[in-house]
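Trainee: All I have is the shape, not the residue letters:
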(Lines give C-alpha, C1' and ligand atoms only; values in the text may rest on other atoms or scores of the structure.)
Protein backbone atom coordinates (compact mmCIF):
# COMPACT_ATOMS: atom_id res chain seq x y z
CA UNK A 1 0.00 0.00 0.00
CA UNK A 2 2.86 2.37 0.83
CA UNK A 3 4.47 1.65 -2.55
CA UNK A 4 1.16 2.28 -4.31
CA UNK A 5 0.76 5.62 -2.53
CA UNK A 6 4.31 6.65 -3.46
CA UNK A 7 3.76 5.76 -7.12
CA UNK A 8 0.44 7.62 -7.15
CA UNK A 9 2.07 10.75 -5.74
CA UNK A 10 4.87 10.52 -8.33
CA UNK A 11 2.33 10.14 -11.14
CA UNK A 12 0.39 13.12 -9.80
CA UNK A 13 3.47 15.33 -9.71
CA UNK A 14 4.47 14.18 -13.20
CA UNK A 15 1.02 15.01 -14.53
CA UNK A 16 0.99 18.43 -12.88
CA UNK A 17 4.44 19.15 -14.28
CA UNK A 18 3.32 18.33 -17.81
CA UNK A 19 0.18 20.48 -17.42
CA UNK A 20 2.26 23.39 -16.12
CA UNK A 21 4.75 23.02 -18.98
CA UNK A 22 1.94 22.97 -21.56
CA UNK A 23 0.26 26.00 -19.95
CA UNK A 24 3.51 27.95 -20.01
CA UNK A 25 3.84 27.26 -23.72
CA UNK A 26 0.32 28.59 -24.32
CA UNK A 27 0.95 31.73 -22.26
CA UNK A 28 4.15 32.44 -24.18
CA UNK A 29 2.29 32.08 -27.47
CA UNK A 30 4.32 29.17 -28.77
CA UNK A 31 2.81 27.34 -31.70
CA UNK A 32 5.30 24.49 -31.77
CA UNK A 33 4.76 21.31 -29.77
CA UNK A 34 7.60 21.71 -27.28
CA UNK A 35 5.64 19.88 -24.62
CA UNK A 36 5.39 16.70 -26.69
CA UNK A 37 8.25 14.30 -26.92
CA UNK A 38 9.01 11.81 -29.65
CA UNK A 39 12.67 11.17 -28.95
CA UNK A 40 15.65 12.84 -27.36
CA UNK A 41 16.01 14.81 -24.15
CA UNK A 42 13.13 16.89 -22.75
CA UNK A 43 14.04 20.54 -22.36
CA UNK A 44 12.58 23.36 -20.33
CA UNK A 45 13.30 26.99 -21.04
CA UNK A 46 14.72 28.99 -18.14
CA UNK A 47 15.27 32.75 -18.25
CA UNK A 48 18.72 33.54 -16.86
CA UNK A 49 18.61 37.29 -17.56
CA UNK A 50 15.23 39.00 -17.81
CA UNK A 51 15.32 42.34 -19.61
CA UNK A 52 11.57 42.48 -20.16
CA UNK A 53 12.16 41.97 -23.88
CA UNK A 54 10.22 40.10 -26.49
CA UNK A 55 13.36 38.78 -28.18
CA UNK A 56 15.55 36.03 -26.79
CA UNK A 57 19.16 34.91 -27.05
CA UNK A 58 19.65 31.23 -26.26
CA UNK A 59 22.80 30.25 -24.36
CA UNK A 60 24.10 26.76 -25.16
CA UNK A 61 26.94 25.45 -23.01
CA UNK A 62 29.74 23.06 -23.95
CA UNK A 63 31.45 22.27 -20.70
CA UNK A 64 34.07 19.55 -20.13
CA UNK A 65 35.16 16.66 -22.31
CA UNK A 66 33.28 16.48 -25.62
CA UNK A 67 31.90 12.97 -25.92
CA UNK A 68 29.16 10.98 -27.61
CA UNK A 69 28.76 8.72 -24.60
CA UNK A 70 25.77 9.04 -22.28
CA UNK A 71 26.14 11.57 -19.49
CA UNK A 72 25.93 10.53 -15.85
CA UNK A 73 22.61 12.36 -15.47
CA UNK A 74 20.74 10.24 -18.01
CA UNK A 75 20.76 8.24 -21.24
CA UNK A 76 21.66 11.15 -23.50
CA UNK A 77 25.07 12.41 -24.55
CA UNK A 78 26.44 15.92 -24.86
CA UNK A 79 25.90 15.68 -28.62
CA UNK A 80 22.23 14.78 -28.08
CA UNK A 81 21.73 17.75 -25.77
CA UNK A 82 23.42 20.22 -28.14
CA UNK A 83 21.27 18.98 -31.04
CA UNK A 84 18.07 19.27 -29.01
CA UNK A 85 18.93 22.78 -27.80
CA UNK A 86 19.76 24.04 -31.29
CA UNK A 87 16.54 22.52 -32.61
CA UNK A 88 14.57 24.28 -29.90
CA UNK A 89 16.26 27.60 -30.68
CA UNK A 90 15.59 27.17 -34.40
CA UNK A 91 11.87 26.52 -33.85
CA UNK A 92 11.31 29.51 -31.56
CA UNK A 93 10.78 32.67 -33.65
CA UNK A 94 11.57 34.83 -30.63
CA UNK A 95 15.11 33.44 -30.42
CA UNK A 96 17.19 35.74 -32.61
CA UNK A 97 20.68 34.40 -31.87
CA UNK A 98 22.59 31.72 -29.97
CA UNK A 99 25.65 32.08 -27.77
CA UNK A 100 27.84 29.00 -27.61
CA UNK A 101 29.51 29.14 -24.19
CA UNK A 102 32.62 26.97 -24.46
CA UNK A 103 34.83 25.77 -21.63
CA UNK A 104 36.39 22.55 -22.86
CA UNK A 105 39.79 20.95 -23.51
CA UNK A 106 38.27 19.06 -26.46
CA UNK A 107 37.32 15.42 -26.77
CA UNK A 108 36.32 12.78 -29.27
CA UNK A 109 36.95 13.49 -32.94
CA UNK A 110 33.55 12.28 -34.12
CA UNK A 111 31.58 14.04 -31.37
CA UNK A 112 33.41 17.33 -32.04
CA UNK A 113 32.79 17.03 -35.76
CA UNK A 114 29.10 16.29 -35.23
CA UNK A 115 28.61 19.36 -33.04
CA UNK A 116 30.55 21.45 -35.57
CA UNK A 117 28.21 20.31 -38.34
CA UNK A 118 25.09 20.93 -36.23
CA UNK A 119 26.15 24.52 -35.55
CA UNK A 120 26.90 25.13 -39.22
CA UNK A 121 23.57 23.62 -40.33
CA UNK A 122 21.70 25.59 -37.67
CA UNK A 123 23.03 28.88 -39.00
CA UNK A 124 22.47 27.95 -42.64
CA UNK A 125 18.87 26.81 -42.14
CA UNK A 126 17.59 29.14 -39.43
CA UNK A 127 19.62 32.18 -40.55
CA UNK A 128 20.27 32.90 -36.87
CA UNK A 129 23.87 33.72 -35.89
CA UNK A 130 25.86 31.74 -33.35
CA UNK A 131 28.44 33.66 -31.32
CA UNK A 132 31.09 31.64 -29.46
CA UNK A 133 32.09 32.87 -26.01
CA UNK A 134 35.27 31.16 -24.82
CA UNK A 135 35.88 30.69 -21.10
CA UNK A 136 39.06 29.59 -19.38
CA UNK A 137 39.71 26.86 -21.93
CA UNK A 138 38.63 26.24 -25.51
CA UNK A 139 41.41 24.06 -26.85
CA UNK A 140 41.56 21.42 -29.56
CA UNK A 141 38.00 20.06 -29.89
CA UNK A 142 36.86 23.08 -27.86
CA UNK A 143 38.13 25.27 -30.68
CA UNK A 144 36.87 22.84 -33.33
CA UNK A 145 33.25 23.34 -32.20
CA UNK A 146 33.75 27.13 -32.01
CA UNK A 147 35.15 27.64 -35.47
CA UNK A 148 31.86 27.39 -37.46
CA UNK A 149 30.38 30.24 -35.40
CA UNK A 150 29.69 33.60 -37.01
CA UNK A 151 31.76 35.40 -34.36
CA UNK A 152 34.23 34.22 -31.69
CA UNK A 153 34.94 36.09 -28.46
CA UNK A 154 37.83 35.07 -26.20
CA UNK A 155 39.30 36.53 -23.07
CA UNK A 156 42.91 37.71 -23.05
CA UNK A 157 43.75 34.81 -20.76
CA UNK A 158 41.69 32.13 -22.51
CA UNK A 159 43.72 29.06 -23.44
CA UNK A 160 42.80 28.02 -26.97
CA UNK A 161 44.33 26.60 -30.13
CA UNK A 162 45.89 23.15 -29.70
CA UNK A 163 44.97 22.34 -33.30
CA UNK A 164 45.97 18.72 -33.61
CA UNK A 165 45.04 15.07 -33.12
CA UNK A 166 46.16 12.54 -30.54
CA UNK A 167 45.75 8.78 -30.30
CA UNK A 168 46.60 7.30 -26.93
CA UNK A 169 47.37 3.70 -26.04
CA UNK A 170 49.58 1.66 -23.70
CA UNK A 171 52.24 -0.98 -24.22
CA UNK A 172 52.41 -3.23 -21.17
CA UNK A 173 54.39 -6.17 -22.58
CA UNK A 174 57.35 -5.67 -20.23
CA UNK A 175 55.01 -5.75 -17.24
CA UNK A 176 53.48 -9.00 -18.52
CA UNK A 177 56.96 -10.51 -18.90
CA UNK A 178 57.80 -9.61 -15.31
CA UNK A 179 54.78 -11.44 -13.91
CA UNK A 180 55.11 -14.37 -16.29
CA UNK A 181 52.15 -13.72 -18.61
CA UNK A 182 52.58 -14.90 -22.19
CA UNK A 183 49.86 -13.82 -24.67
CA UNK A 184 48.60 -16.27 -27.27
CA UNK A 185 47.02 -14.47 -30.22
CA UNK A 186 45.16 -16.05 -33.17
CA UNK A 187 44.29 -13.55 -35.86
CA UNK A 188 42.90 -13.49 -39.36
CA UNK A 189 45.30 -10.91 -40.72
CA UNK A 190 48.68 -9.36 -40.12
CA UNK A 191 47.26 -6.15 -38.68
CA UNK A 192 44.25 -7.51 -36.80
CA UNK A 193 45.91 -6.82 -33.43
CA UNK A 194 46.93 -3.30 -34.41
CA UNK A 195 47.50 -1.06 -31.34
CA UNK A 196 47.50 -4.05 -29.02
CA UNK A 197 49.60 -3.38 -25.92
CA UNK A 198 50.64 -7.02 -25.55
CA UNK A 199 53.27 -7.02 -28.28
CA UNK A 200 56.96 -6.28 -27.94
CA UNK A 201 57.62 -2.79 -29.31
CA UNK A 202 60.41 -3.95 -31.63
CA UNK A 203 58.05 -6.53 -33.16
CA UNK A 204 55.54 -3.94 -34.37
CA UNK A 205 55.83 -3.73 -38.19
CA UNK A 206 56.99 -0.33 -39.52
CA UNK A 207 54.12 -0.27 -42.01
CA UNK A 208 51.66 -0.52 -39.10
CA UNK A 209 53.14 2.56 -37.49
CA UNK A 210 52.90 4.29 -40.85
CA UNK A 211 49.21 3.36 -41.21
CA UNK A 212 48.40 4.75 -37.78
CA UNK A 213 50.32 7.94 -38.52
CA UNK A 214 48.52 8.29 -41.87
CA UNK A 215 45.19 8.05 -40.07
CA UNK A 216 46.26 10.79 -37.65
CA UNK A 217 47.55 12.95 -40.51
CA UNK A 218 44.25 12.58 -42.37
CA UNK A 219 42.24 13.61 -39.31
CA UNK A 220 44.63 16.50 -38.66
CA UNK A 221 44.15 17.67 -42.24
CA UNK A 222 40.41 17.64 -41.62
CA UNK A 223 40.91 19.84 -38.53
CA UNK A 224 42.92 22.43 -40.48
CA UNK A 225 40.41 22.39 -43.31
CA UNK A 226 37.53 23.03 -40.87
CA UNK A 227 39.43 25.95 -39.32
CA UNK A 228 40.25 27.51 -42.69
CA UNK A 229 36.71 27.06 -44.03
CA UNK A 230 34.97 28.24 -40.87
CA UNK A 231 37.06 31.37 -40.43
CA UNK A 232 36.77 32.24 -44.11
CA UNK A 233 32.97 31.95 -44.01
CA UNK A 234 32.87 34.14 -40.91
CA UNK A 235 35.17 36.72 -42.52
CA UNK A 236 32.97 36.91 -45.62
CA UNK A 237 29.97 37.74 -43.42
CA UNK A 238 31.73 39.97 -40.90
CA UNK A 239 33.92 41.89 -43.31
CA UNK A 240 36.41 44.28 -41.76
CA UNK A 241 34.62 44.11 -38.40
CA UNK A 242 35.94 40.59 -37.79
CA UNK A 243 39.36 39.03 -38.01
CA UNK A 244 40.86 37.07 -40.88
CA UNK A 245 43.32 34.22 -40.45
CA UNK A 246 46.89 35.43 -40.65
CA UNK A 247 49.04 34.20 -43.53
CA UNK A 248 51.19 32.10 -41.18
CA UNK A 249 48.37 30.65 -39.03
CA UNK A 250 49.15 27.06 -40.06
CA UNK A 251 52.61 27.41 -38.48
CA UNK A 252 50.79 27.62 -35.14
CA UNK A 253 48.54 24.65 -35.90
CA UNK A 254 51.09 22.19 -34.54
CA UNK A 255 49.28 21.28 -31.33
CA UNK A 256 50.47 24.26 -29.30
CA UNK A 257 48.08 26.23 -27.13
CA UNK A 258 47.92 30.00 -27.38
CA UNK A 259 46.44 32.76 -25.25
CA UNK A 260 43.38 34.69 -26.29
CA UNK A 261 45.63 37.63 -27.15
CA UNK A 262 47.77 35.51 -29.47
CA UNK A 263 44.66 33.88 -30.96
CA UNK A 264 43.33 37.35 -31.81
CA UNK A 265 46.58 38.26 -33.58
CA UNK A 266 46.45 35.03 -35.60
CA UNK A 267 42.80 35.51 -36.54
CA UNK A 268 41.60 32.46 -34.60
CA UNK A 269 39.08 34.70 -32.78
CA UNK A 270 37.32 37.93 -33.73
CA UNK A 271 37.24 39.81 -30.45
CA UNK A 272 38.80 39.96 -27.00
CA UNK A 273 36.31 40.37 -24.19
CA UNK A 274 33.92 38.72 -21.80
CA UNK A 275 30.59 36.92 -21.97
CA UNK A 276 28.79 40.28 -21.85
CA UNK A 277 30.69 41.31 -24.98
CA UNK A 278 29.49 38.17 -26.73
CA UNK A 279 25.92 39.10 -25.77
CA UNK A 280 26.35 42.60 -27.18
CA UNK A 281 27.82 41.19 -30.39
CA UNK A 282 24.96 38.70 -30.77
CA UNK A 283 22.44 41.55 -30.44
CA UNK A 284 24.37 43.62 -32.96
CA UNK A 285 24.54 40.85 -35.56
CA UNK A 286 20.86 39.97 -35.04
CA UNK A 287 19.93 43.69 -35.29
CA UNK A 288 18.07 43.79 -31.97
CA UNK A 289 18.45 46.27 -29.14
CA UNK A 290 17.37 44.08 -26.22
CA UNK A 291 16.83 40.42 -25.46
CA UNK A 292 16.24 38.02 -22.59
CA UNK A 293 18.92 35.38 -22.09
CA UNK A 294 17.50 31.87 -21.88
CA UNK A 295 18.90 28.40 -21.33
CA UNK A 296 17.37 25.03 -22.10
CA UNK A 297 17.68 22.77 -19.08
CA UNK A 298 16.97 19.07 -19.20
CA UNK A 299 13.63 18.20 -17.62
CA UNK A 300 12.92 14.89 -15.92
CA UNK A 301 9.65 13.11 -15.27
CA UNK A 302 8.47 9.73 -14.02
CA UNK A 303 9.73 7.90 -17.11
CA UNK A 304 13.26 9.10 -16.36
CA UNK A 305 12.83 7.92 -12.77
CA UNK A 306 12.13 4.37 -13.98
CA UNK A 307 14.91 4.55 -16.56
CA UNK A 308 17.39 4.92 -13.72
CA UNK A 309 16.72 1.27 -12.89
CA UNK A 310 17.50 0.11 -16.40
CA UNK A 311 15.94 -0.16 -19.82
CA UNK A 312 13.63 -2.80 -21.27
CA UNK A 313 12.94 -4.23 -17.85
CA UNK A 314 16.56 -5.02 -17.20
CA UNK A 315 17.94 -3.85 -13.86
CA UNK A 316 21.36 -2.31 -14.31
CA UNK A 317 23.92 -1.90 -11.62
CA UNK A 318 24.69 1.68 -10.66
CA UNK A 319 28.27 2.70 -10.04
CA UNK A 320 29.16 4.26 -6.71
CA UNK A 321 31.35 7.32 -7.26
CA UNK A 322 33.82 8.77 -4.82
CA UNK A 323 34.55 12.47 -5.19
CA UNK A 324 38.30 12.98 -4.86
CA UNK A 325 38.15 16.59 -5.99
CA UNK A 326 39.62 15.66 -9.39
CA UNK A 327 37.55 15.08 -12.51
CA UNK A 328 39.69 12.94 -14.81
CA UNK A 329 38.64 12.46 -18.44
CA UNK A 330 37.35 9.03 -19.41
CA UNK A 331 39.46 8.29 -22.47
CA UNK A 332 39.29 5.16 -24.57
CA UNK A 333 42.57 3.58 -25.67
CA UNK A 334 42.95 3.51 -29.44
CA UNK A 335 40.38 6.28 -30.07
CA UNK A 336 41.20 9.52 -31.87
CA UNK A 337 40.77 12.75 -29.93
CA UNK A 338 40.88 16.46 -30.57
CA UNK A 339 42.16 16.98 -27.04
CA UNK A 340 44.71 19.09 -25.26
CA UNK A 341 47.26 16.38 -24.20
CA UNK A 342 47.77 17.87 -20.71
CA UNK A 343 44.50 16.16 -19.76
CA UNK A 344 46.05 12.76 -20.50
CA UNK A 345 48.60 13.11 -17.72
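Mentor: Received, thanks. Nothing here was measured: the structure is a model prediction, and the numbers come from that model. Numbering: from 1, shown residues only.

Trainee: so residue 122 touches residue 100, yeah?
Mentor: No: using Cβ atoms under 8 Å as the test, residue 122 is too far from residue 100 to be in contact (10.1 Å). Quick note: C-beta positions are derived from backbone N, CA and C, even for glycine.

Trainee: And the two? Which one has more around it.
Mentor: Counted by other Cβ atoms under 10 Å, residue 122 and residue 100 do not tie: residue 100 has more neighbours, with 26 against 23.

Trainee: ok, the more buried one to residue 148 distance?
Mentor: According to Cβ to Cβ, to the nearest Å, residue 100 and residue 148 sit 9 Å apart.

Trainee: Do you have the strands of the chain handy? List them.
Mentor: Using DSSP state E, the strands of the chain run over 43-49, 56-63, 95-104, 106-108, 130-139, 151-154, 159-161, 166-167, 257-259, 271-272, 292-298, 336-339.

Trainee: Just put the ones you listed in a markdown table and tack on mean pLDDT.
Mentor: Shown next, in a markdown table, are these (pLDDT from 0 to 100):
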| stretch | mean pLDDT |
| --- | --- |
| strand 43-49 | 95 |
| strand 56-63 | 97 |
| strand 95-104 | 97 |
| strand 106-108 | 93 |
| strand 130-139 | 97 |
| strand 151-154 | 98 |
| strand 159-161 | 96 |
| strand 166-167 | 86 |
| strand 257-259 | 96 |
| strand 271-272 | 98 |
| strand 292-298 | 95 |
| strand 336-339 | 74 |
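
Trainee: any chance of the ones you listed in JSON lines, with distance to residue 75 too?
Mentor: Formatted as JSON lines, these follow (distance: least, Cβ to Cβ, whole Å):
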{"stretch": "strand 43-49", "distance to residue 75": "15"}
{"stretch": "strand 56-63", "distance to residue 75": "19"}
{"stretch": "strand 95-104", "distance to residue 75": "22"}
{"stretch": "strand 106-108", "distance to residue 75": "18"}
{"stretch": "strand 130-139", "distance to residue 75": "26"}
{"stretch": "strand 151-154", "distance to residue 75": "32"}
{"stretch": "strand 159-161", "distance to residue 75": "32"}
{"stretch": "strand 166-167", "distance to residue 75": "28"}
{"stretch": "strand 257-259", "distance to residue 75": "34"}
{"stretch": "strand 271-272", "distance to residue 75": "38"}
{"stretch": "strand 292-298", "distance to residue 75": "11"}
{"stretch": "strand 336-339", "distance to residue 75": "23"}
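
Trainee: Quick one: closest of the ones you listed to residue 195.
Mentor: strand 166-167 (8.1 Å; Cβ to Cβ).

Trainee: my guess is residue 112 meets residue 67, correct?
Mentor: No: contact between residue 112 and residue 67 fails when scored by Cβ under 8 Å: they sit 9.5 Å apart.

Trainee: More neighbours: which of those two?
Mentor: residue 112 (28 against 21).

Trainee: Could you check how far that one is from residue 56?
Mentor: Distance from residue 112 to residue 56, by Cβ to Cβ: 27 Å.

Trainee: Overlap in contacts, residue 100 and residue 148.
Mentor: Listed contacts common to residue 100 and residue 148 are 119, 130; contacts here mean Cβ atoms under 8 Å, 6 or more residues apart in numbering.

Trainee: so who does residue 56 touch?
Mentor: Contacts of residue 56 by Cβ under 8 Å, 6+ apart are 92, 94, 95, 96, 291, 292, 293, 294.

Trainee: run the last query once more with 7 Å
Mentor: Residues in contact with residue 56 (Cβ atoms under 7 Å, 6 or more residues apart in numbering) are 92, 94, 95, 96, 291, 292, 294.

Trainee: For the first one, grab the count of nearby residues.
Mentor: Residue 92 is flanked by 21 other residues according to other Cβ under 10 Å.

Trainee: which parts of stretch 262-272 are buried?
Mentor: 262, 263, 264, 266, 267, 268, 269, 270, 271, 272 (16 or more other Cβ atoms under 10 Å).

Trainee: quick one: contacts for the third one?
Mentor: Spelled out, it's residue 264. Counting by Cβ under 7 Å, 6+ apart, the residues that residue 264 touches are 243, 272.

Trainee: ok, now the one 10 residues further on?
Mentor: When contacts are counted by Cβ under 7 Å, 6+ apart, residue 274 touches residue 155.

Trainee: Roughly how far does it sit from residue 268?
Mentor: The separation that residue 274 has from residue 268, given Cβ to Cβ, amounts to 18 Å.
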